[in-house]
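>>> Everything below, folded, please.
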Amino acid sequence: MCRLFGCRSRAVDAVSHELFHGANALRVQSREHPDGWGVGWYEDGVPRVVRSLTPAHGDADFEKLSQFVSAQTVLAHVRKASVGRVAEDNTHPFQRGPWLFAHNGTIPDWDRVRAPLEALIDPSLRDELRGETDSERCFLLFLSLLRRRCELERANAEAAGAAMAETVALVREIAEHGEHRASTTFLATDGRVLLACRRGRTLFLSSPAPDRHGESGYVAIASEDPGEPPPGGKRAWRLLPEEALVVVDERLRLTVTSILPQ
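Modelled structure (predicted):
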């Protein structure tokens with residue numbers, strides 16, 4: 001189990017409240033999820049990622065970075081190791097090209113599932129595997145499915161949402177049997193498009209009502225109830241239903257549908 005946070009906003013925005021100062025910020029959540037942390041953000045469209053194996057609640061670098069990061073797109077994660085050692089290559093968020101990815105959950109019966117899941121990954125991406133986690137493999141499966149629909153560097157929200165839903169469906173097909181259920185709560189972004197899905201773990205959303213163009217000023221996602229609205233008059237958090245799929249396009253148009261087949 002892990003915890004994650006992500007946001008997209010029209011203006012360059014700080015995230016120190018969500019990462020550090022809030023009553024249930026990621027720093028606080030890291031007391032139960034102490035196996036490393038990572039923060040990714042975008043500068044002029046280029047992702048920057050900082051990761052550490054130190055618990056966020058005791059890491060001065062996490063505090064400094066929480067105050068420093070101000071961007072239109074941010075993704076952050078604190079880890080409680082399940083599959084894979086406590087190591088940098090196993091620490092979220094994972095990055096390939098413009099894409100960042102984080103996972104809250106576990107794929108059951110991993111020794112059995114690993115090989116058939118890896119077989120679904122595009123060979124050129126499979127060669128880039130660096131760590132041991134189920135999460136990284138789900139990420140590369142997502143990119144493989146997205147690549148079939150569009151260029152990874154120019155993905156659109158519709159293609160990305162469809163690839164995310166297909167990723168969850170394939171993992172479920174391979175991994176689930178009997179009482180074993182895959183928890184695949186994912187968060188992904190390329191800095192323009194933001195995606196999240198809820199399966200087997202909680203997921204919360206904060207966003208205002210859209211304007212007349214269907215656009216929102218910001219969208220924030222959190223895996224655990226932060227306990228209070230984001231600062232600056234932002235909307236309270238609301239729990240998303242199980243199997244929810246969140247897609248935010250480059251114009252900050254938000255849709256919430258389902259990862260289940262329609």
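>>> all strands of the stretch 51-200 of the chain, in order?
Ranges of strands within the stretch 51-200 of the chain are 70-79, 94-96, 99-104, 185-189, 194-197, based on DSSP state E, counting those that start in this stretch.
>>> I'd like to know which of those lies nearest to G36.
Set against G36 and scored by C-beta to C-beta, the strands of the stretch 51-200 of the chain come closest in strand 70-79, at 4.7 Å. All C-beta atoms are positioned from the backbone trio N, CA, C, and that covers glycine.
>>> got the end-to-end distance for stretch 122-129?
Using C-alpha to C-alpha, to the nearest Å, one end of stretch 122-129 lies 11 Å from the other.
>>> That stretch: which residues count as buried?
Neighbour-count burial for stretch 122-129, counted by 16 or more other C-beta atoms under 10 Å, picks out L125.
>>> Likewise for stretch 149-162?
By 16+ other C-beta under 10 Å, the buried positions in stretch 149-162 come out as 152, 155, 157, 159-162.
>>> Then stretch 203-211?
203-207.
>>> Show residues contacting it.
Under the criterion C-beta atoms under 8 Å, 6 or more residues apart in numbering, residues 185, 196-197, 216-226, 229-230, 234-240, 244, 246, 253-254, 256 lie in contact with stretch 203-211.
>>> mind listing which of these are in strands?
In this view, the contacts of stretch 203-211 that belong to strands under DSSP state E are 185, 196-197, 218-222, 238-239, 244, 246, 254, 256.
>>> export the buried residues of stretch 149-162 to JSON lines and tack on distance to R27 and pLDDT?
Output for the buried residues of stretch 149-162, formatted as JSON lines (distance: C-beta to C-beta, whole Å; pLDDT from 0 to 100):
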{"residue": "L152", "distance to R27": "32", "pLDDT": "95"}
{"residue": "A155", "distance to R27": "32", "pLDDT": "95"}
{"residue": "A157", "distance to R27": "31", "pLDDT": "97"}
{"residue": "A159", "distance to R27": "35", "pLDDT": "97"}
{"residue": "A160", "distance to R27": "30", "pLDDT": "98"}
{"residue": "G161", "distance to R27": "31", "pLDDT": "97"}
{"residue": "A162", "distance to R27": "35", "pLDDT": "97"}
